[in-house]
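Student: structure for this input, please:
(chains A and B)
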Protein chains: 2
Amino acid sequence: VARALRNLLPQESLIYYGDTAHLPYGDKSPETLRQYVAHIADFLVAQGVKALVVACNTASAVALDAALVAGQRAGVPVFEVISPAVEAAVQSTQNQRIGVIGTQATVNAHVYLQRILQRLPRAYVVEKATPLLVPMIEEGWLEHTLCNSVIEAYMSDTAFEHIDTLILGCTHYPLVQKPMEAYFARTVPHPVSIVNSSSTTAQHVAEELVRLGIHSRGGMPAQPDRFFVSDLTISFQQMAQRFFGKDLMLTKV
Amino acid sequence: VARALRNLLPQESLIYYGDTAHLPYGDKSPETLRQYVAHIADFLVAQGVKALVVACNTASAVALDAALVAGQRAGVPVFEVISPAVEAAVQSTQNQRIGVIGTQATVNAHVYLQRILQRLPRAYVVEKATPLLVPMIEEGWLEHTLCNSVIEAYMSDTAFEHIDTLILGCTHYPLVQKPMEAYFARTVPHPVSIVNSSSTTAQHVAEELVRLGIHSRGGMPAQPDRFFVSDLTISFQQMAQRFFGKDLMLTKV
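Tutor: Numbers count the residues shown, from 1 in each chain, chains lettered A, B, ... in the order given. Model (predicted):
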């Protein structure tokens, strides 16, 4: 999400917080995640941000209220990654059969199911937790035959057979968009649109900053991007580089 | 480890603490893990335990000192899972070529390498982080073809070709002992011994309790087993059942 925002909004400054001490969020309870999100939102508000993006599907699904409270208190808008993906899926689907993959916590919260049904009451929504995708992506096994085996193990479920749209409901998953597209091209006769929550969120944030009149009009960002983490590990440093496409200076807070 | 202890020591009472709010430990920094371990050790000491078992390879590898400090202050012995596995591997190996698989943090700490070399200075030790095994085990995909693909992706490394002993250096891994044995039976001509740190640790603790004269002599445990967690999730409840073999009453603290 940070990379998509950086590419789309070159004139804005990013302040990123990666909660590496508590990673992954996918298998924690809503109560615990709300505490983490409240703490991070307070930290970012204290940095003087003009907008907050909850760039994690799990946090958006189960702990958005904690960020909203902090944002409201500070008078800054709060964005999340679920609504933009739902909106894109609703625009894309022809047959109203939509698949959603994500972490256990996101799927247990049924937030995609609820939001899609609010927009398309007769939609058929299949949600599935796919917990092996995150460590596989973190291994960098995207060209490996194992990547296809893992995708097949999760997606060769008759419930997914007739979907024409699949939401990648975890911010790691855009990295498997290509093998996922190849899987559907191989196994089903109709086209399947893959909705990537990172690019849809970045697009939504860009539009909203303009609509609210708080977008930067200067050609250059006011300050360099800053990256904070709650725990400093070698593997996160490597992963941040893989995601962001360049070396990052991470600061532990 | 808790199950192995329960089976081997029916007359002792167990007090288990699962740090589910911070799970998994495998990708956190030593500094952060030491804080978690110190907190848990203090909690268990406050429950009046007569011995502490650090039943996690990662915590044993990088944060044992935190548990030792708490144990020493309270006058209770502290056991860990690495020494018993190292001892079993040293006894088992014929050719002094030993493989070790574990989490990223365990492998980065090179604790198995160091301990094996202390006992066998000319041993050839191959360490490898295998982060997909934990989520695969948590999915329960042990009979699935994917299990063999994941094992093959990690183990078909020429460095492992000549080992005659493999240490399963993570407390999840005993659940893949059978497919791992089958993998070696299929791919190498010589026998490979698999060392399981859960059963070797339970055996070591049982012997040490007797040696220290603090084993229970009664036929029945003094109190029923108690299970504490730092976060209560449905998936951990299910997993605890899979590991322990029966339904458990978990208490969040």
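Student: just to be sure, A:I98 is in a strand?
Tutor: Yes - the assignment for A:I98 is a strand, going by DSSP: H, G, I helix; E, B strand; the rest coil.
Student: secondary structure class for the nearest residue to A:K50 once chain neighbours are set aside?
Tutor: Nearest-residue entry for A:K50: A:I214, 5.3 Å, with adjacent residues in sequence omitted and distances by Cβ to Cβ, 6 or more residues apart in numbering or on different chains. Quick note: C-beta positions are derived from backbone N, CA and C, even for glycine. Classification of A:I214 by three-state DSSP places it in coil.
Student: so how far is A:K50 from A:H215?
Tutor: Noted for A:H215: a distance of 9 Å to A:K50, by Cβ to Cβ, to the nearest Å.
Student: follow-up on the earlier one: got the phi/psi numbers for the residue nearest to A:K50?
Tutor: phi -110, psi 10 (degrees, to the nearest 10).
Student: so who does it touch?
Tutor: A:50-51, A:77 (Cβ atoms under 8 Å, 6 or more residues apart in numbering or on different chains).
Student: quick check: the gap between it and chain B.
Tutor: Using Cβ to the nearest Cβ, to the nearest Å, A:I214 is found at 36 Å from chain B.
Student: count of residues packed around A:Y183?
Tutor: 20 (other Cβ atoms under 10 Å in any protein chain shown).
Student: now for it: which residues touch it?
Tutor: So A:Y183 contacts A:148, A:151-152, A:155 (Cβ under 8 Å, 6+ apart).
Student: and those residues, which are buried?
Tutor: Buried by 16 or more other Cβ atoms under 10 Å in any protein chain shown: A:148, A:151, A:155, out of these.
Student: in space, what's closest to the last one - neighbours in sequence excluded?
Tutor: This points to A:M155. Nearest non-adjacent residue to A:M155 (Cβ to Cβ, 6+ apart): A:Y183, at 6.0 Å.
Student: please tell me how far the one you found sits from A:N57.
Tutor: 21 Å.
Student: run a quick neighbour tally on A:R115.
Tutor: A:R115: 20 neighbours (other Cβ under 10 Å).
Student: actually, A:E127.
Tutor: Other residues close to A:E127 by other Cβ under 10 Å number 21.
Student: hang on, the earlier thing: A:V205 versus the residue nearest to A:K50, what's the distance?
Tutor: 11 Å.
Student: shared neighbours of these two, anything?
Tutor: Joint contacts of A:I214 and A:V205 (Cβ under 8 Å, 6+ apart) are A:A51.
Student: give the buried residues for the longest helix belonging to chain A.
Tutor: Secondary structure assigned by DSSP state H gives helix A:30-46 as the longest helix of chain A. The neighbour-count check on helix A:30-46 (16+ other Cβ under 10 Å) flags A:30, A:32-34, A:36-45 as buried.
Student: repeat that for stretch A:128-147.
Tutor: In stretch A:128-147, counting by 16+ other Cβ under 10 Å, buried: A:129-139, A:141, A:146-147.
Student: alpha carbons of it, as CSV, please.
Tutor: The C-alpha trace of stretch A:128-147 is given here as CSV (Å, rounded to 0.1, in the frame of the first residue of the first chain):
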residue,chain,number,x,y,z
LYS,A,128,-11.6,-18.4,2.6
ALA,A,129,-8.6,-18.0,4.9
THR,A,130,-5.3,-18.8,3.1
PRO,A,131,-2.6,-18.6,5.8
LEU,A,132,0.2,-20.2,3.9
LEU,A,133,0.3,-17.4,1.3
VAL,A,134,2.0,-14.9,3.7
PRO,A,135,5.0,-17.0,4.7
MET,A,136,5.3,-18.2,1.1
ILE,A,137,5.5,-14.6,-0.2
GLU,A,138,7.9,-13.8,2.6
GLU,A,139,10.1,-16.7,1.4
GLY,A,140,10.0,-15.1,-2.1
TRP,A,141,8.7,-18.3,-3.6
LEU,A,142,6.7,-16.7,-6.3
GLU,A,143,8.3,-18.4,-9.3
HIS,A,144,8.6,-21.7,-7.5
THR,A,145,6.3,-24.7,-8.4
LEU,A,146,5.3,-24.7,-4.8
CYS,A,147,3.5,-21.4,-5.3
